[in-house]
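In: no FASTA, just this:
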């Protein structure tokens, strides 16, 4: 019994979360999502919705997502690709009359959705975000070329070559202007103490996992 | 002994042959003139950028930034950390404020830092290069070394997002910050103060993942510059610079526009105005040549 | 009478001396005006000028003063001579500043000025310095009806200020609603938590106060008299009546809650559905612990339905918003959250109405985890052991349901305001209404209602102006309100009560003619018992005796003169304002013959708005015809039709009347004066026809104080119209 | 300047707006002595600059006239204009108040004939119209100004114009040697009726007030609607004087906002509803009003007014706090960007004019009050703990006119109570 439940824990964080919070999605968000406790403070004025540069491309505006969270629409929210549209421009944050850290909440919700395996599978920003993090943490610094290639080739070799071809003008231009270095593919910039960086990040992840498991 | 010394946080894009390497070049030249000593933080690491979130957790981002602070405190005690990249500055400052706001978070961070043999004391402050210029020098001081006023060159000051929000520079308005225009005027250029896209988002990192949506933003930014009769755009942010310059060819391809609007850094303007060469100003690092600036730089 | 000495003072300042032949005007004042003393001064409002007048009063025994200078609204500090009767001829704003410049107009300008001096002299001759009602009543106690938060506040504030108070409470104990609620909405920073009502302490202070006498289980069986001399019969439930004499009354009879049973669709009357009052009872029982339903189940989820039976435009329920309910639901949601943060609390609202610092209270509730959902509830029904609330979520734009152990309906406040005296006596609802004050007034038993049964004032600038002098409504009986507003309101009402009895003791009028010592004097021997005055008095000041003669109650009277205007036999007058003081002015005007092509227009202007508007025209140098002769009246309601007929007989070519707006949003300071004037003038057409005159010769306008430019236009247009019609045929026959 | 007579039995009322006048008059009509201190050259305050009141659509000057008549007839009130309280020491029942009086340069001999004004050329911003137009440097603050006495703008003193004005006065009423003076009064109780000021709209950056001429505040709009205002009551927009027929009203401009005013200013919703009537009356069926709101806070029987406006097809309601305003370069039209949150509809709406329903900030925020005067997080005055100093009207809480007068009437009693109890204790 205990064993199986721990198995489900390992197997499916989503199931665990569901089991833990049943229908109290607001509480779940407050305890598990970065800046989640702010969600309840929204007064539905909608200034964030109108302030977002990618607003026209959203299915749900931030203020609406906050309302959905209160209404317990867990699946709709976590499977939504709306928060992935955040460009981190902070317009919503500086205009919010309740001073909600909306950008961070959007990032937090996206991260949480991703960790529960609910984020839209083919969400391009999700992929890029993961690749970026992976890229910059592997050596401690961003390797722009590898990052770019990674993005291009995420859908396989053919697609990568096509994308690369489309972007050849850009690539060439950067190359000529000395802002892109082909040899980055073989090494490139890096932190000396990569081990230390890796270790501290691992530790940080562990601490965070443990905190989220036992909130407060 | 230099006039001012700072712990320098160049950030990934400003490295040699990286997308903003010419930014770094011009910053170095500018600082030389102003007698500012920038000592790079030894073995600094990436700030995680805003876009790193899905992979990163909250704590991991803070730990990344805390590491840079810790290194600065250890090796360059008493010096403010200065970033030239908007994202580096924003993320570092955001982490600093969060860590100062929560003892728990600070403790956790240091516990993680221990793995790298470091400790964050919370002493060092982080500032953007533009803040340093405006607050530590001031427009009058910055004007003094000008030998080649950028007369007759029209600049659309494109501030973008992350040097502007949520923290802002020198307490200026988020909707209509004027510092970039003032810097332009300081070096004798013509600031197009009616330019109305100065704080429009260029799409940021989503220029990669959502190119069409981002390029719509970029199109607005460039078009408005043309409407104002700008010779070039000037910006304080490497990602803004890259996005707005690099994708013009794409937009031309896709939408049949004929954009060729140069996008420069404030530091390049100042370097040229201070008598620096095109190379010192990193003017060779552009896809769209800032001709008028290059001509000025060439003038004896 | 014999020793009256009349004096006229002509000012030559502000260009008057240059514009007019004051020498001629002096002669007129002497000969026609029959003034004993006539003086001219180059700068009459200067210390020196004023001193000459003072000297004449003190040394020469002058008793009546005419100041022929600027408007009666100007230089009032300088021209203040309380010991004498005074009239003012408005030569500056009324003539010099409105009649076109240039010698072409010298003649008419001079005529206008001379006429105003003639009129001033004539008025003065008929005036007496008001002596004040000799038998002013001086009772200085205050009756407070209602022993709730409002009533007790009024009582304690008045008592602490040194006045004796009598409190009448219908229930067996003091405290009203306040002692039936668990906690109150915060009224002080930080506006974050529900607060103790403080009612227990207040009740103790009132009960212990040496100046306060309390009658419990008691109601007001009859109220007779007037400010300074009310006689109140207080009936005890147990039987038996006590009589108390008081000088003024505060009515703080509060509200009842709207009956939830009238809201079946919202589950009104169903199990596990309560109104806010019901929830307060449950909270009181829980005393800070877990709140349980009637069936003992601890509530794990609760839904608050705002505006239940309120803001209803279908005419079925309450049309208004009770104002306090949003904050009250927030407070009640906190009851649950404070006892157990895991209780699910949802507030369903359409507009969250928590003005001022209520915003902090709202934030505090959100911080505690109260969920606010903008939606309109269509149905509340039982669902097993719980309730199911069906609503439209206006943000998510979808139909939604939420289940809850308990549903709280935010129903509204219904005022306990007694009988709606404006309803016809045969009205069914009126028959069921129980009077609060049982006034023995000719015009009805209670304070007139304003709207939706509340006894509020109609005036924005003067919220305490009820239509019954010396009786002030306070708290939710006047307007829906929360406890903080009610205590503020009650304190204000206490002041007005004190003020009313202090004024009554000095025979002074209450607002808006505060301090006026004149009062209506009636020659009963001439009265025909037509009852117009008793019916039309806007303030119910006049009763009738058994012989149906009018009985004036001076301290209820506001001195508007509506009775004077109503009286067909003209037996009602004030010492300084009467049918004669105005009539004689009308007759005093020098009437040119019909061939002169100089029409004369009489303008009767309300002194509150129309006359200031005329001044404003003058100050802006907006000219108007020199053929008009303006007379300020206290209110158009005081205009007696005899003035019109006299004017027409005297050969005036037209009569204009300017008064305040009437109707629902009336601006008449005496409530009905303007309305009555219009009504009366509607009837004057017959008179005109009898005289063989065109009906256009009498016109009435509604004028606002801001209409400076407009009044000038109205005058000029009218003069043009009269020129069309031609001169009055009555000239020379007057 | 003759120093007023005051004793420990005197009530000091600070502020000559409708609350201050009410507190002073109500106390005086109870037979109490009052000194009324007003910073401006004339009484009337904010309400004196409103065109009409909700919900009756009646004129504030109508009530002002009555109050002025009460004042003129009542020797118990002494009025000091151009005067500010600069310090109060002491305790309940026994205060020493220092009052600084600025020079008016015109003495009580003034007859308000206006010769002096006609003699000068210099113009100054018209404070009565919130600076929307200019007046002669020697002026009567407004037609109903009390005291009815002209004022010389300090900027003229020492100029040729001042000399011209002096020469033009036939009554020796102009005294250019007047100096600022500070007097001290002994008083028993203080009523703070310092009222409110419109929040500085330039600080609400996304709405572009100050950058876009066709974005105005609700108080400025009152002046535009007033026949006595800068446009003689015609709704013309500042940028080009064109008729403004399609007008947007943005609620909570500064209010309910942690970045600006934390509180709800209460009056703004009704004010905007009222102002849609101005638009309707001005343009009939061509009128178009749009109200952008979060919650419409029209409590008690104001609901009737709200419902009547709701029924007007010329008025639209959008549940949205607009994100930003842009300006159309060609036409100068303001374009409002935002999202209607009822169902999520994005809009970019072009209007002729935008009116910001500007929030109420306590005027006292700019003043140095005695230490024992307690204020809330927004700066509204709760009064002193010992009850000797009392907040009244909109200085105590964001209130509409009617509630301000109630509050001021209550304050009058509290002040009288202090006086009474002090006297009782002494005797």
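Out: Arrived safely. Keep in mind that what you see is a predicted model, and the values were worked out from it rather than measured. Residues are numbered from 1 along each chain as shown, chains lettered A, B, ... in the order given.
In: burial count for residue C:132?
Out: Other residues lying near residue C:132 total 16 when counted by other Cβ atoms under 10 Å in any protein chain shown. For glycine as for every other residue, the C-beta is placed from the backbone atoms N, C-alpha and C.
In: from residue C:346, how far off is it?
Out: Per Cβ to Cβ, to the nearest Å, residue C:132 is found 64 Å from residue C:346.
In: point me to the residue of the stretch 301-427 of chain D nearest chain A.
Out: Going by Cβ to the nearest Cβ, chain A is nearest to residue D:323 of the stretch 301-427 of chain D, at 3.0 Å.
In: is it true that that residue touches residue A:97?
Out: No. Taking contacts as Cβ atoms under 8 Å, residue D:323 lies outside contact range of residue A:97: 11.6 Å.
In: what sits in contact with each of these two?
Out: residue A:47 (Cβ atoms under 8 Å, 6 or more residues apart in numbering or on different chains).
In: got the residues of chain D near chain B?
Out: Residues of chain D that fall close to chain B, judged by Cβ under 8 Å from any Cβ of the partner chain: D:205-206, D:208, D:211, D:324, D:326, D:329.
In: mean confidence score for stretch A:193-200?
Out: Throughout stretch A:193-200, pLDDT has a mean value of 96.
In: just the helices in the stretch 201-350 of chain D please.
Out: D:218-225, D:268-283, D:302-310 (DSSP state H, counting those that start in this stretch).
In: sort out which residues of the last one are buried, please.
Out: What that stands for is helix D:302-310. Of the residues in helix D:302-310, D:302-306, D:309 count as buried by neighbour count, 16 or more other Cβ atoms under 10 Å in any protein chain shown.
In: mind putting these in TSV, distance to chain A and pLDDT included?
Out: Shown next, in TSV, are the buried residues of helix D:302-310 (distance: Cβ to the nearest Cβ, whole Å; pLDDT from 0 to 100):
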residue	distance to chain A	pLDDT
D:302	22	96
D:303	22	97
D:304	26	96
D:305	24	97
D:306	20	97
D:309	21	98
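In: pick the one among those closest to chain B.
Out: Distance to chain B, by Cβ to the nearest Cβ, is smallest for residue D:309 among these, at 31.3 Å.
In: measure that closest one to residue A:15 for me?
Out: Where residue A:15 is concerned, residue D:309 sits at a distance of 53 Å (Cβ to Cβ).
In: and residue C:417, how far is that from residue C:491?
Out: Counting by Cβ to Cβ - residue C:417 and residue C:491 are separated by 20 Å.
In: one more: residue C:43?
Out: In terms of Cβ to Cβ, residue C:43 sits 47 Å off from residue C:491.
In: also residue C:154?
Out: 7 Å.
In: the more surrounded of those two?
Out: Between residue C:154 and residue C:491, counted using other Cβ under 10 Å, the more crowded position is residue C:154 (34 against 25).
In: which ones are touching the more buried one?
Out: C:142, C:144, C:165, C:250, C:252, C:474, C:490-491, C:493-494, C:497.
In: dump those to TSV, plus distance to residue C:279, secondary structure and pLDDT.
Out: Output for the contacts of residue C:154, formatted as TSV (distance: Cβ to Cβ, whole Å; DSSP: H, G, I helix; E, B strand; the rest coil; pLDDT from 0 to 100):
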residue	distance to residue C:279	secondary structure	pLDDT
C:142	35	strand	98
C:144	29	strand	98
C:165	33	strand	98
C:250	30	strand	98
C:252	24	coil	98
C:474	26	coil	98
C:490	25	helix	98
C:491	29	helix	98
C:493	30	helix	98
C:494	32	helix	98
C:497	35	helix	98
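In: which among those count as buried?
Out: For those, buried by 16+ other Cβ under 10 Å: C:142, C:144, C:165, C:250, C:252, C:474, C:490-491, C:493-494, C:497.
In: distance of residue C:426 from chain A?
Out: Noted for residue C:426: a distance of 51 Å to chain A, by Cβ to the nearest Cβ, to the nearest Å.
In: same thing with residue D:226?
Out: 31 Å.
In: how about that residue: what's its closest non-neighbour residue?
Out: Computed as Cβ to Cβ, 6 or more residues apart in numbering or on different chains, the closest residue to residue D:226 that is not its neighbour in sequence is residue D:51, at 4.0 Å.
In: and the one you found, how many neighbours?
Out: If we define neighbours as other Cβ under 10 Å, then residue D:51 has 22 of them.
In: what's the answer for residue D:207, then?
Out: 24.
In: one more: the one 4 residues further on?
Out: Here the count is done by other Cβ under 10 Å, and residue D:211 has 14 residues near it.
In: for the nearest residue to residue C:598 once chain neighbours are set aside, what are its contacts?
Out: Using Cβ to Cβ, 6+ apart and skipping the chain neighbours, the partner closest in space to residue C:598 is residue C:592 (4.3 Å). Listed by Cβ under 8 Å, 6+ apart, the contact partners of residue C:592 are C:598, C:600, C:731.
In: likewise for residue B:168?
Out: Neighbours of residue B:168 in contact, by Cβ under 8 Å, 6+ apart: B:174, B:177.
In: for it, phi and psi?
Out: phi 80, psi 160 (degrees, to the nearest 10).
In: for chain C, what are the nearby residues on chain A?
Out: A:26, A:40-41, A:43-44, A:63-64, A:67-68, A:70-71, A:98.
In: which two among those are spaced furthest apart?
Out: Farthest apart among the residues of chain A next to chain C by Cβ to Cβ are A:71 and A:98. That separation is 18.7 Å.
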